[in-house]
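coords please:
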Amino acid sequence: MNNYPNQSDKMTNYRWIICAMLFFATTVNYLDRQVLSLTWKDFIAPEFHWTDTHYGYITAVFSLIYAIANLLAGRFIDWMGTKKGYLWAIAVWSVGACLHALCGWATETTLGIGNAAEMIGASGALASTVAITSVYYFIAARIVLGVGEAGNFPAAIKVTAEYFPKKDRAFSTSIFNAGSTIGALIAPLCIPSLARYFQQLGIGNGWEMAFIVIGGLGFIWMGFWMFMYKKPNQNPRVNAAELAYIEQDKAEEAAHSAGAATSTAEEKSIPFLQCFKYPQTWAVIVGKFMTDGVWWFFLFWTPAYISDVYGFSSDTGTAQMLIFVLYAITMLSIYGGKLPTIIINKTGKNPYAARMQAMLIFAFFPLLALFAQPLGNYSYWYPVIIIGIAGAAHQSWSANIYSVAGDMFPKSTIATIIGMGGMAGGISAFLINMVSGILFDYADQSQMAFMGFVGKPAGYFIIFCVCAVAYLVGWCIMKLLVPKYKPIIVK
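Have a look, this model is predicted:
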């Protein structure tokens, strides 16, 4: 029952405040994830003698752990509830982010090295030992980070299902999902500069404090979440009009079927293994597997791409501007979540049909990645703009595929399904990051040629081609699995 003391006809809008909280959590999530990608090439690699293969292994293991944790995190969020589950998730990933700062000290202590300068000056077998030892410590920190970060999207999607009717979920999801873009947008402007600032102050090699400062933001968010979140029907800031708006799907479902049975089915949870029996589950899994690796490749490797191919280190003004513009373009994705609503309002299609139509449109834009490397011969701005457009298409796709799960599964199981999709996406990211690191080192050492490009540019062109076609392939498989809207009713 709603506890709002003075109910009125004018609807409150507290659901958008909750959406803003999800946006900030996702922003922090991506800031924490980006610290390594923006510091490894120019700050960490010289200290620990890393190659692309080393970095590829670290990001690949993170992706794999993230994948496995997603499978468990969804179930954990459904069991623990959104408030406590979200608090646990962000606490774990914030601790994991801060732990990265200790990796240098741990490497020095393990190998009996006196300071970072001695480590930087190492050569031969000692340099190899430093690289391998440090990689193990960074992997340990990334494991903690990955376990915590896996809880973000299952929790956020579950909150969205609690606070928004189906027709608004893709739009609200696109808003909070834009936090990933904002995080990626802010990161290149502040993280390399933070690292360079603390390096000049003589506090470690600079990168350590970047991890600590960014990691600490999560603890601030936790303080706000503890006091601001309650379920809509228990929240005194949600009045009767807003609660009726939020729960409008229940009334519509009751009007088209046995009302009492449908409303109670909404609260029943599907057993974990039984979820795999539904083609709807596999549609989400395939859609995430085919496309999430693309986004993670752009996220983790674009700073290195700009450095390797065009020679701009991450703390230079040019590199920061390039990455800023790239992620500014991806902000267009906020309209991607609105497109299904427009289609529904104009055509009367059901949410699933409208989302699939929108996702087909978004699937064509990444094909531009086929031209990123060739056009890069004329200007480094062309690949950056193209990657930005592909990123915007991905975020639009992602907002809708999350909402597909909300359309077809009961609220009690949504986080579990999102977790399964996240697992598939994490495996995809594991594969593309590991293969990319090995491929780029091989291409550089062997001076591999591909379609007129030689060395690392050839390696990047190969990965760009894979990224370009992934969305259309994913959409076709999803459509084959679930041709028409078919929500799952648990009896």
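
quick check, residue 209 in contact with residue 198.
Yes. Look at residue 209 against residue 198 with Cβ atoms under 8 Å: they come within range, at 4.0 Å. Backbone N, C-alpha and C define where each C-beta goes, glycine included.

how about residue 360, phi and psi?
The phi/psi pair for residue 360 (degrees, to the nearest 10) reads phi -60, psi -40.

now for it: which residues touch it?
residue 475 (Cβ atoms under 8 Å, 6 or more residues apart in numbering).

please report how far it lies from residue 178.
Using Cβ to Cβ, to the nearest Å, residue 360 is found at 22 Å from residue 178.

now swap in residue 399 and tell me
9 Å.

and if you look at residue 480?
Plainly put, residue 480 is 30 Å away from residue 178 if you go by Cβ to Cβ.

more neighbours: these two, which one.
residue 178 (23 against 11; other Cβ atoms under 10 Å).

which residues does the more buried one contact?
23, 26, 331, 333, 334, 395.

and if we set it to 7 Å?
Residues near residue 178 by Cβ atoms under 7 Å, 6 or more residues apart in numbering: 23, 331, 333, 334.

what's the helix or strand for it?
Assigned by DSSP states H and E, residue 178 belongs to helix 166-201.

between helix 166-201 and the helix or strand just after that helix, find me the angle.
Per DSSP H and E, the first helix or strand lying C-terminal to helix 166-201 is helix 207-228. Angle, helix 207-228 to helix 166-201, by axes from the mean of the first three to the mean of the last three Cα atoms, to 10 degrees: 140 degrees.

so which bits of helix 207-228 are buried?
207-215, 217-218, 221-222, 225 (16 or more other Cβ atoms under 10 Å).

pick out the most distant pair among the residues you listed.
Within the buried residues of helix 207-228, 207 and 225 form the most distant pair, 28.6 Å apart (Cβ to Cβ).

give me the buried entries from the contacts of residue 178.
By 16+ other Cβ under 10 Å, the contacts of residue 178 give 23, 331, 333, 334 as buried.

restricted to helices, list the residues you listed.
Among these, the members found in helices (DSSP state H) are residue 23.

pick the one among the buried ones among the contacts of residue 178 closest to residue 114.
Using Cβ to Cβ, the buried ones among the contacts of residue 178 come closest to residue 114 at residue 23, 45.1 Å.

where does residue 114 land in three-state SS?
Secondary structure for residue 114, judged by DSSP: H, G, I helix; E, B strand; the rest coil, is coil.

one more: residue 236?
Once three-state DSSP is applied, residue 236 turns out coil.

pLDDT wise, what is it at?
pLDDT for residue 236: 88.

next one: residue 256
49.

quick one: low-confidence parts of the stretch 151-300 of the chain?
251-268 (pLDDT under 70).

the closest residue to residue 168 other than its chain neighbours: neighbour count?
Leaving aside its chain neighbours, residue 168 sits nearest to residue 341 (7.1 Å; criterion: Cβ to Cβ, 6 or more residues apart in numbering). As a burial measure, residue 341 scores 18 neighbours (other Cβ under 10 Å).

got the contact list for the nearest residue to residue 183 once chain neighbours are set aside?
For residue 183, ignoring the flanking residues on the chain, the nearest one in space by Cβ to Cβ, 6+ apart is residue 30 at 3.0 Å. Counting by Cβ under 7 Å, 6+ apart, residue 30 touches 179, 180, 183, 184.
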